[in-house]
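Asker: what follows is a predicted structure for the sequence shown.
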Amino acid sequence: MRTERAKIRSLDEADRWVNEQRDAGMRIGFTCGAFDLLHAGHVQYLAAAREKCDRLLVAVNSDESIQRYKSPLRPINPWDQRALVVASLERVDCVVNLDEDRPCGLIERWLPDFYIKGGDYKDGSLRSSEIVARYGGETVFIPAEFESSTSRVIEYIQALEKHGLPARFNSTEPSGLVLLDRDGTLVRDAIFDPKSIELLDGVLDGLKKLHSAGARLCLVTNQQGIGFGYFGYRDFVDGNRALLRVLGKAGILVAKIYFCPHSLADRCECRKPGTALLRRAMSDQGVGPERTFLIGDTETDMQGAELAGCHGLYVGEEQSGRPTFTFTDAVQTVLQSLSQPAQALG
């Protein structure tokens, strides 16, 4: 592991490394990419790149740059892990961070003998090639031997997730749909530390009872901290993973997590009291509003439930004019309602 980590250098350290290689007469190849989920196409391309030069320098895109030019939900793996995986390849000699969306600055900084790209890139399609040509370098394109990409891997995983195994198939229709606010309802509000998961009183036992009664459980949560930049999508997903692990150990399954990353100023339709997420959840889960319950701790949760036509159960701080439940009482109310015929629910 020491050897692999030693290959990962800061830009200043890479300056010295490049000069040392040049002094030794080595021809330097430079390439860059996200390398989010390393696959056969990456390995083949980097191996072929190393054949073109004496030393191969790889710039791995930062998390922030990937979020800008690919998707706010990417990368799958953070930079330090991606960099270590790339550095572990024998054909790679040096790994640095690429924080810009394009590598022009690094190319001008080191003037590599070869600028190497792979996959679907073609001559004339890279503006960076003009910089390389100006100082006398050469742009090299490595044809792909495998029809593989990180996006295809993710798409395939997503497709697999939608295919239920026959042994796990459950034809039982849900007795009802329970939409659960997250922060302040299930867990202690953790705006500034979304990975910190602390279940509130009565939550675990209550969710067990709902699950046992055949109710389908979904999270529906406003997460404007993402929009404000207090934390990122990865933090939010990691926090949910921690929550799902706790619930999973207790045999509680969450069917889906619906969330709005926008702030109030964005005026979107998904942020509660907007109904877009609530209606989407009911549509996805095939349950009508008459058998759908929203348990939340804010007035906006209750307003959203009313506008969507489903039943709202308020578990926040007591306020005049609105019935207030403990989580345990809210669950009991849902269970009593689900035990009645659909037409009896009001």
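Answerer: Arrived safely, thanks for sending.

Asker: what about stretch 136-152, start to end distance?
Answerer: Start and end residues of stretch 136-152 are separated by 36 Å (CA to CA, to the nearest Å).

Asker: any buried residues in stretch 276-284, and which?
Answerer: Residues 276-279, 281-282 are the ones in stretch 276-284 that count as buried (16 or more other CB atoms under 10 Å). For every residue, glycine as well, the C-beta is placed using N, CA and C.

Asker: return the member of these nearest to P75.
Answerer: L277 (25.5 Å; CB to CB).

Asker: three-state assignment of that closest one?
Answerer: Classification of L277 using DSSP: H, G, I helix; E, B strand; the rest coil returns helix.

Asker: on the pLDDT front, check it for me.
Answerer: L277 carries a pLDDT value of 95.

Asker: quick one: secondary structure of the nearest residue to it once chain neighbours are set aside?
Answerer: Excluding its sequence neighbours, the residue lying closest to L277 (CB to CB, 6 or more residues apart in numbering) is Y258, at 4.4 Å. Classification of Y258 by three-state DSSP places it in strand.

Asker: over to F30?
Answerer: F30 ends up strand, using three-state DSSP.

Asker: what's around it, how many residues?
Answerer: Close neighbours of F30, defined as other CB atoms under 10 Å, add up to 29.

Asker: quick one, phi psi at the residue nearest to it when sequence neighbours are not counted?
Answerer: Using CB to CB, 6+ apart and skipping residues adjacent in sequence, the residue nearest F30 is P112, 3.6 Å away. The phi/psi pair for P112 (degrees, to the nearest 10) reads phi -60, psi 150.

Asker: list the buried residues in the helix or strand containing L160.
Answerer: Assigned by DSSP states H and E, L160 falls within helix 150-161. Neighbour-count burial for helix 150-161 flags 150, 153-154 (criterion: 16+ other CB under 10 Å).

Asker: what is the nearest of the residues you listed to I252?
Answerer: Top of the list for closeness to I252, among those and by CB to CB, is I154 at 26.9 Å.

Asker: ok, back up a step: pull the number of nearby residues for the residue nearest to F30.
Answerer: P112 has 24 neighbours, counted by other CB under 10 Å.

Asker: same deal with P289?
Answerer: P289: 18 neighbours (other CB under 10 Å).

Asker: chain neighbours aside, what residue packs nearest to it?
Answerer: Closest residue to P289 apart from its sequence neighbours, by CB to CB, 6+ apart: G309 at 3.8 Å.

Asker: phi, psi of that neighbour?
Answerer: According to degrees, to the nearest 10, G309 has phi 80, psi 10.

Asker: wait, it sits on F293?
Answerer: No. In this structure G309 lies outside contact range of F293 using CB atoms under 8 Å: 11.8 Å.
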